[in-house]
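1. quick check, what structure comes out for this input:
(2 chains)
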2 protein chains.
Amino acid sequence: MRAIAVHRGESQPRLREVPRPDPGPGEVLVRTLRVGIDGTDHEVIAGSHGGFPEGESYQILGHEAVGVVAEANGTDLAEGQLVVPTVRRPPGGGSNEYFDRGEPDMAPAGAYVERGIAGAHGYMSEFFTSAPRFLVSVPASLAKTGFLVEPISNTEKALEMAYASRSTFEWSPETAFVLGNGSLGLLSLALVGQGEFERTYCLGRRSRPDPTIDIIERLGATYVDSRETPVSEVTTAHEQMDFVCEATGYARHAFETIDALAPGGVGTLLGIPSDWTFEIDGGRLHRALVLENKALVGSVNSYVPQFERATDTLADYPDWLTDAIITDVFDPAETDVVFETGDEHIKTVVEFGTR
Amino acid sequence: MRAIAVHRGESQPRLREVPRPDPGPGEVLVRTLRVGIDGTDHEVIAGSHGGFPEGESYQILGHEAVGVVAEANGTDLAEGQLVVPTVRRPPGGGSNEYFDRGEPDMAPAGAYVERGIAGAHGYMSEFFTSAPRFLVSVPASLAKTGFLVEPISNTEKALEMAYASRSTFEWSPETAFVLGNGSLGLLSLALVGQGEFERTYCLGRRSRPDPTIDIIERLGATYVDSRETPVSEVTTAHEQMDFVCEATGYARHAFETIDALAPGGVGTLLGIPSDWTFEIDGGRLHRALVLENKALVGSVNSYVPQFERATDTLADYPDWLTDAIITDVFDPAETDVVFETGDEHIKTVVEFGTR
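-> Model (predicted):
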């Protein structure tokens, strides 16, 4: 079958033939419909994040997928059921305490592999296999958009952790500020917009006309151009933010978030930057965290409960939004252009099949 | 009556005569027993934190106090009851939403004054007045130590916020690391040691023999000398920390805490540093927060529920501990030496009276 993979010693992924996987005992075979691409894929391709499966010369990419159960193989799943796979798996095929209690997203390095990212093949192939417990059933209406469940689920988890961190007092957030107008930023903004926030903002560094600014404004949010209004100055240019969701991977933003927060506010960090040393006014930031009861919460990955909530969230997104976010749908044969980036591409998806 | 106050334009507090306060309607008169001194008092004296009551040429110091109800003035409190006052009060004598819902510790600047710190006279005088709702009754056995309820209550709140931030998953912390061997650090270490942590550590930068190291080790904790083992290297020298409690006010520690934390760990920040610009590897720290689901939570002040828990905590502290922490008990007449600092002073207290 065809698969898109990154190869050791090569800088660009390519389409290749790989053996069609056979489902093991208790596993199902899934026929892939669509696989989304995000910043993590680009980091895997660049070799700055993740790593090859042990002993393999290539890694099949892709961790945002939607597919159809092709062979139920005696499991409880029905053939034809639309499913979205979670990302983390126990290393070595066994299990461990994090998976046993349904919290692999909280596992430390070494206690998981990540399909398509670190140590395991991903979903960017015509078929993949999985144990049913790592598959979340989604309604047939999500056949073309279901791969967005995975990125949305990451923000679901971040939001959950943010609320938990504020649960010792009466937190009534009114303002939310999403940092980043990439696909994760826009999906996060839409999720946040479904919540209790009265006013939402989204940071980018682009000029009009721009399709992401159009989406931001159609979502009822205010666009903040970081070239005119740095994160640390948003409180004077606009207002204090009760919740900040960082989805840029730009490390300065993680610390500038402290300045953007209202007293009692919380910033969740989702980006994964590389090493970068820079100056901060650490005294002022430390003092602001303390005197104003602010918090910074890092969040990575997600699991079945967040995937299930994200499924509901996605089902509530209007068609115009997913249509606007999914800018590029490629056939696997177009692998040479699939990974191109640019302001006109928001979310690129590879379509292996249709329902 | 006698009071210890800091005066505008003067660098050292002095004993002075002030009018004995009359309790207003619904207020009680409290006869002060003991008032503790902490780092915040030194910041108030230096003018780097807090501020004078409006229109006053002096501010009575002191926010850690224990006293006896001298005039119940028709309230529900009994004369002779031992009480500890909370710190924050509504500005202008009215109330606001934060006080109405019992969360003045979460109020933003402008929505509170702080007795002995910012905009209101403290408790370092023979008598003070207070509405009963700002007084926590404590058992008679705490007449000599009850002023420690206030600092302990700050860590009670910090610990509560830390646990809340980890409440979305099964957090089973084993290791705790208190940064700072001042009185707040030692009181925090003792509190943490009452909890579920199996191994506790405490950071200082002193050589043996030293009374704080003796206390740390008698509490069963491991002393970490920051001159040999910086916070960021504690994971290699000892182990990863599930919980870090920063009680130094040294801003680098706030960020080094991220390195000290185990995956899923949380650091609470209690110190109040001045502005200080320095370099950090913000990329690495941001990435560690995200990929390991770490959190930093700032916490300031506390209120009645935390004071009540701190009362129970203090009652459980062994006598040797409070005896060792309270190194200096001065008469108000000794004001000229009360504010001296040095390694031999852990907790200094001014004794205005005894029960």
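2. run the contact check for the lengthiest helix in chain A versus chain B.
-> Ranked by residue count under DSSP state H, the longest helix found in chain A is helix A:149-165. Yes: counting by Cβ under 8 Å from any Cβ of the partner chain, chain B has neighbours in helix A:149-165: A:Lys157, A:Glu160, A:Met161, A:Ala164, A:Ser165. The C-beta positions use only the backbone N, C-alpha and C, and glycine is treated the same way.
3. spell out which parts of the stretch 1-150 of chain A neighbour chain B.
-> A:Arg101, A:Glu103, A:Asp105, A:Met106, A:Ala107, A:Pro108, A:Ala109.
4. which residues touch stretch A:312-323?
-> A:139, A:141-142, A:144-146, A:148-149, A:152, A:156, A:190-191, A:194, A:215, A:218-219 (Cβ atoms under 8 Å, 6 or more residues apart in numbering or on different chains).
5. which one (most neighbours) among the residues you listed?
-> The member of those surrounded by the most neighbours (other Cβ atoms under 10 Å in any protein chain shown) is A:Val149, with 31 neighbours in all.
6. correct me if wrong: that one contacts A:Phe307.
-> Yes: the pair A:Val149 / A:Phe307 is scored as a contact, 5.7 Å apart, by Cβ atoms under 8 Å.
7. between those two, which contacts overlap?
-> Counting by Cβ under 8 Å, 6+ apart, the residues touching both A:Val149 and A:Phe307 are A:Val84, A:Val136.
8. show me what A:Ile60 is bridged to.
-> Judged by DSSP bridges, the bridge partners of A:Ile60 are A:Ala5.
9. list the residues that contact it.
-> With contact taken as Cβ under 8 Å, 6+ apart, A:Ile60 is in contact with A:Ala3, A:Ile4, A:Ala5, A:Val18, A:Gly116, A:His121, A:Gly122, A:Tyr123, A:Met124, A:Ser125.
10. any idea how far the residue nearest the centre of chain A is from chain B?
-> Nearest to the geometric centre of chain A sits A:Pro151, at 2.8 Å (Cα atoms, centre = their mean). According to Cβ to the nearest Cβ, to the nearest Å, A:Pro151 stands 14 Å off from chain B.
11. same thing with A:His238?
-> Applying Cβ to the nearest Cβ, the value for A:His238 to chain B is 17 Å.
12. reformat the residues of the stretch 1-150 of chain A next to chain B as TSV; add distance to B:Thr235.
-> Below are the residues of the stretch 1-150 of chain A next to chain B laid out as TSV (distance: Cβ to Cβ, whole Å):
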residue	distance to B:Thr235
A:Arg101	24
A:Glu103	22
A:Asp105	22
A:Met106	18
A:Ala107	18
A:Pro108	12
A:Ala109	13
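13. give me the pLDDT value at A:Ser228.
-> Slight slip there: residue A:228 is Glu, not Ser. The confidence metric pLDDT takes the value 98 at A:Glu228.
14. which SSE is it in?
-> A:Glu228 belongs to no helix or strand when assigned by DSSP states H and E.
15. residues touching stretch A:65-79, excluding its own?
-> With Cβ under 8 Å, 6+ apart, stretch A:65-79 has contacts from A:23, A:26-36, A:80-85, A:122-124, A:127-128, A:132, A:135, A:137-138, A:142-143, A:145-147, A:149-150, A:353, A:355.
16. now the buried members of those residues.
-> For those, a burial check counting by 16 or more other Cβ atoms under 10 Å in any protein chain shown picks out A:23, A:27-36, A:81-85, A:122-124, A:127-128, A:132, A:135, A:138, A:142-143, A:145-147, A:149-150.
17. can you map out the strands along the stretch 251-355 of chain A?
-> Secondary structure of the stretch 251-355 of chain A (DSSP state E, counting those that start in this stretch): strands located at A:261-269, A:277-281, A:295-298, A:326-330, A:347-351.
18. low-confidence ranges in the stretch 101-250 of chain A?
-> Along the stretch 101-250 of chain A, the model assigns pLDDT under 70 to no residue.
19. just the helices from it, written as ranges.
-> Under the criterion DSSP state H, counting those that start in this stretch, the stretch 101-250 of chain A carries helices at the ranges A:149-165, A:183-193, A:211-218, A:234-237.
20. and the last one, how far out from the chain middle?
-> The one in question is helix A:234-237. Chain-centre distance of helix A:234-237: 28 Å, with Cα atoms, centre = their mean, to the nearest Å.
21. same thing with stretch A:275-293?
-> Centre-to-centre, stretch A:275-293 and its host chain are 27 Å apart (Cα atoms, centre = their mean).
22. how about it as CSV, C-alpha atoms only?
-> Extracted in CSV, the C-alpha atoms of stretch A:275-293 (Å, rounded to 0.1, in the frame of the first residue of the first chain):
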residue,chain,number,x,y,z
ASP,A,275,16.3,25.9,22.7
TRP,A,276,16.6,29.7,22.7
THR,A,277,18.3,31.9,25.3
PHE,A,278,17.0,35.4,25.8
GLU,A,279,16.5,38.1,28.4
ILE,A,280,13.4,38.5,30.5
ASP,A,281,12.6,40.8,33.4
GLY,A,282,12.3,37.7,35.6
GLY,A,283,11.9,39.7,38.8
ARG,A,284,8.9,41.6,37.5
LEU,A,285,7.3,38.4,35.9
HIS,A,286,7.9,36.4,39.1
ARG,A,287,6.4,39.2,41.2
ALA,A,288,3.3,39.5,38.9
LEU,A,289,2.7,35.7,39.0
VAL,A,290,2.7,35.9,42.8
LEU,A,291,1.0,39.2,43.6
GLU,A,292,-1.8,38.6,41.1
ASN,A,293,-2.2,34.8,41.6
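23. in it, what's buried?
-> Buried residues in stretch A:275-293 (16+ other Cβ under 10 Å): A:276, A:280-293.
24. figure out which of the helices of the stretch 101-250 of chain A is closest to B:Pro230.
-> Comparison of the helices of the stretch 101-250 of chain A against B:Pro230 by Cβ to Cβ identifies helix A:149-165 as nearest, at 27.1 Å.
25. quick one: that closest one to helix B:149-165, angle?
-> Orientation note: helix A:149-165 sits at an angle of 160 degrees relative to helix B:149-165 (axes from the mean of the first three to the mean of the last three Cα atoms, to 10 degrees).
26. show me what helix A:149-165 is packed against.
-> Packed against helix A:149-165 by the contact rule (3 or more Cβ pairs under 8 Å, 6 or more residues apart in numbering or on different chains; DSSP states H and E) you find strand A:64-71, helix A:183-193, strand A:241-246, strand A:261-269, strand A:295-298, helix A:304-316, helix B:149-165, strand B:295-298.
27. mind putting these into a markdown table with distance to A:Phe169?
-> Putting the helices and strands packed on helix A:149-165 into a markdown table (distance: least, Cβ to Cβ, whole Å) gives the following:
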| stretch | distance to A:Phe169 |
| --- | --- |
| strand A:64-71 | 36 |
| helix A:183-193 | 21 |
| strand A:241-246 | 12 |
| strand A:261-269 | 7 |
| strand A:295-298 | 12 |
| helix A:304-316 | 24 |
| helix B:149-165 | 9 |
| strand B:295-298 | 12 |
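28. winner for burial among those?
-> strand A:241-246 (a mean of 29; mean count of other Cβ atoms under 10 Å in any protein chain shown).
29. give me the PyMOL select line for the residues of the stretch 1-150 of chain A next to chain B, limited to the buried ones.
-> This is the PyMOL syntax for the buried subset of the residues of the stretch 1-150 of chain A next to chain B, where burial follows 16+ other Cβ under 10 Å:
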select buried, chain A and resi 103+105+106+107
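30. what's the local residue count around A:Thr229?
-> 16.
31. for it, grab phi and psi.
-> With angles defined as degrees, to the nearest 10, A:Thr229 sits at phi -130, psi 90.
32. distance of it relative to A:Tyr250?
-> Distance, A:Thr229 to A:Tyr250, by Cβ to Cβ, to the nearest Å: 15 Å.
33. try A:Trp276
-> From A:Trp276 over to A:Tyr250 the distance is 9 Å, taken as Cβ to Cβ.
34. since that was my last question, I'll sign off now.
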